[in-house]
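Engineer: sequence first, predicted coordinates after that:
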Amino acid sequence: MDEDETKPSTETVTPPESTEPVAELPTVAEQSAIVLDMFDKLATRLMQPWSAYQLMIILGVIFVAWCIAQYYRPRVRAALGASNGLPKWFLRFCSVLTKWMWLLVFVVLSWTVVFVMREMTWPSRSYFVTIAATLAMWWLVVVVTTRLIRSKSARSVVRWLVGIFVVLEIFGLRETAANALDTIALDTGGTRVSMLTVLVAVVSLAVLFVVASFLSKIGSRRINGIEDMSPSIRVLMNKALQLGLYTIAFLIGLRVVGFDIGNLALLSGAIGLGIGFGLQKIVSNLVSGVIILLDKSIKPGDVISLDGTFGWITQLGARYASVLTRDGREYLIPNEDFITSQVINWSHSSDLVRLEIKFGVAYDSDPHMVKKLASEAPLQVSRVVKIPKPVCHIVNFGDSSIDFTLRFWIRDSTAGLTNVRGDVYLALWDTLKENEIEIPFPRRDVTILNDPPTPAPLPND
């Protein structure tokens, strides 16, 4: 055996270089030429005799659908209005279909015409009728499904975006439009941001936020259905659920568009710096809100007094608490004020609230009888509770009256305090008047002296 045959080979085998060209996106001019060529072919096809017939058929079907809808729409609405016991979602669904009845009838009639034309003529002669029927069917689906969106502006935006996507898909222009949007880009060295990326990010975040909002409402409904949970803990769990769902939706949206979440470290540092300088009050209110929810010092439904504001708490937000007063004014008080200021919570541990009124009687009255009658008078008012019982005490011997203080208890402080005091005053007035007990008022004696005589004039020297 030769030495060359036994010596191992040390040659390095290099793979052949790829000769396939790298796929590049077409330029804007090339895409424009493609779109113009497609429109030129479409215009050529529209010039065919059968195309004109199809357009006339489409217009005729639209007219018939409109006439049928005008005839049956009032009757359907009257039938829905007279129906009882139907679910709300079904009535809402029927209401949307009634509003777009002409489109529903057009979809049924147009697909019937397409089926008949395909059976009786060549399939190519039903091309435009098929496109019109497909567009109408998808638009009807979009209109019905987007009715779940309560915001009219958001509903219109979603309808137009989905409508444009459906039109591009039906005419086979989706990839061409995507390439056109991708060519419009901003290249900053290592980062390239195109219109397509921005559009995908906006749509993805919008869809994810809608899903997060839907899940948040379902979770909040479940949390609010737990009976053995305090209102403050219930609000805290709802806020935590919303924050968690929206955070997850935001992070998933960033991953969909290919954003590296590790780059958020720099962003978080900038946010922390901004918080340290300009967002102190906002963070203070947020932290105060969490503290309020945890220590249960106030909760929705409590009656509070703060800096002259008396009312009951209707909502605890992340930044403020909503306090509704008796005159219909709603104060949005920052959470920090509930931590740093003195707050009177009338219903913190009990809904019993003690009120008092002051009055006086003449000195010729029997104070023992006055105490007894005054203690029974508040019980004539329906809002005054019987236990604890009202009590009356002598507090002073005044200049012209014996002064008393009448104390009584109520449970529904949210219904107001001034009105119940007024009712007790009236009941006390009626009781004292029936027993001929006088409520005195200050008397003053005024003595008018005669003018002194005018002195005689002095004689002249």
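Structural biologist: Cool, the structure landed.

Engineer: number of nearby residues for Ala133?
Structural biologist: The number of residues packed near Ala133 is 23, by other CB atoms under 10 Å. (Each C-beta comes from the backbone N, C-alpha and C, glycine too.)

Engineer: hang on, isn't it packed against Val114?
Structural biologist: Yes. With contacts defined as CB atoms under 8 Å, Ala133 counts as touching Val114 at a distance of 5.6 Å.

Engineer: give me the below-cutoff pLDDT ranges for the stretch 1-150 of the chain.
Structural biologist: 1-50, 85, 89, 119-124, 148-150 (pLDDT under 70).

Engineer: where exactly do the strands run in it?
Structural biologist: Counting by DSSP state E, counting those that start in this stretch, the stretch 1-150 of the chain has no strands at all.

Engineer: now the helices for it?
Structural biologist: 3-6, 28-46, 49-82, 88-99, 101-120, 127-145 (DSSP state H, counting those that start in this stretch).

Engineer: elements contacting the third one?
Structural biologist: Helix 49-82 makes packing contacts with helix 28-46, helix 88-99, helix 101-120, helix 127-145 when contacts are defined by 3 or more CB pairs under 8 Å, 6 or more residues apart in numbering; DSSP states H and E.

Engineer: buried set for the shortest one?
Structural biologist: What it means is helix 88-99. By neighbour count with 16 or more other CB atoms under 10 Å, helix 88-99 contains the buried residues 94, 96-98.

Engineer: which among these gets closest to Ser220?
Structural biologist: Top of the list for closeness to Ser220, among those and by CB to CB, is Val96 at 26.0 Å.

Engineer: of all the buried residues of helix 88-99, which comes closest to Ile313?
Structural biologist: Nearest to Ile313 among those is Val96, at 38.1 Å by CB to CB.

Engineer: circling back: quick one, which of the helices of the stretch 1-150 of the chain gets closest to Lys433.
Structural biologist: Nearest of the helices of the stretch 1-150 of the chain to Lys433, taken as CB to CB: helix 88-99 at 56.2 Å.

Engineer: now do the closest one against helix 49-82, angle only.
Structural biologist: 140 degrees (axes from the mean of the first three to the mean of the last three CA atoms, to 10 degrees).

Engineer: ok now helix 88-99, how far from the chain's centre?
Structural biologist: Relative to the mean C-alpha coordinate of its chain, helix 88-99 is positioned 23 Å out (CA atoms, centre = their mean, to the nearest Å).

Engineer: mind giving me the packing neighbours of it?
Structural biologist: Using 3+ CB pairs under 8 Å, 6+ apart, helix 88-99 sits against helix 49-82, helix 127-145.

Engineer: which helix or which strand is home to Trp312?
Structural biologist: Element membership for Trp312, per DSSP states H and E: strand 309-316.

Engineer: check which residues of that strand are buried.
Structural biologist: Buried residues in strand 309-316, counting neighbours by 16+ other CB under 10 Å, are found at 310-313, 316.

Engineer: and of these, the nearest to Val64?
Structural biologist: Closest approach between the buried residues of strand 309-316 and Val64, by CB to CB: Leu316, at 57.3 Å.

Engineer: what's near enough to touch that closest one?
Structural biologist: Leu316 sits next to 232, 235, 289, 292-293, 298-300, 322 when contact means CB atoms under 8 Å, 6 or more residues apart in numbering.

Engineer: wait, which of the buried residues of helix 88-99 is closest to Ser216?
Structural biologist: The closest of the buried residues of helix 88-99 to Ser216 turns out to be Val96 (CB to CB; 24.7 Å).

Engineer: was I right about the closest one contacting Val143?
Structural biologist: Yes. Using CB under 8 Å, Val96 is in contact with Val143, at 6.9 Å.

Engineer: how about the strands in the stretch 251-400 of the chain?
Structural biologist: In the stretch 251-400 of the chain, the strands defined using DSSP E, counting those that start in this stretch lie at 303-306, 309-316, 320-325, 330-334, 344-345, 353-361, 391-397.

Engineer: what's the closest of those strands to Ser126?
Structural biologist: Closest approach to Ser126 among the strands of the stretch 251-400 of the chain (CB to CB): strand 309-316, 58.4 Å.

Engineer: listing partners with orientation, what would you give for the closest one?
Structural biologist: Strand 309-316 has the following strand partners under DSSP bridges: strand 303-306 (antiparallel), strand 320-325 (antiparallel).

Engineer: can you tell me the average pLDDT over it?
Structural biologist: Mean pLDDT, computed over strand 309-316, is 82.

Engineer: what angle sits between it and strand 330-334?
Structural biologist: Counting by the same axes, to 10 degrees, strand 309-316 lies at 70 degrees to strand 330-334.

Engineer: and strand 309-316, how far from the chain's centre?
Structural biologist: Centroid separation between strand 309-316 and its chain, computed with CA atoms, centre = their mean, is 19 Å.

Engineer: CA atoms of it as CSV?
Structural biologist: Presented in CSV, the C-alpha positions along strand 309-316 are these (Å, rounded to 0.1, in the frame of the first residue of the first chain):
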residue,chain,number,x,y,z
THR,A,309,-67.2,68.5,52.3
PHE,A,310,-69.9,66.1,53.5
GLY,A,311,-71.1,63.2,51.3
TRP,A,312,-70.7,59.6,50.6
ILE,A,313,-68.0,57.8,48.6
THR,A,314,-69.3,56.5,45.3
GLN,A,315,-66.0,55.3,43.7
LEU,A,316,-62.4,54.7,44.7
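
Engineer: tabulate the helices and strands packed on helix 88-99 (CSV), appending distance to Ile357.
Structural biologist: Formatted as CSV, those follow (distance: least, CB to CB, whole Å):
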stretch, distance to Ile357
helix 49-82, 54
helix 127-145, 62
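
Engineer: please identify the most buried of these.
Structural biologist: Of all the helices and strands packed on helix 88-99, helix 127-145 carries the top mean neighbour count, a mean of 18, counting by mean count of other CB atoms under 10 Å.
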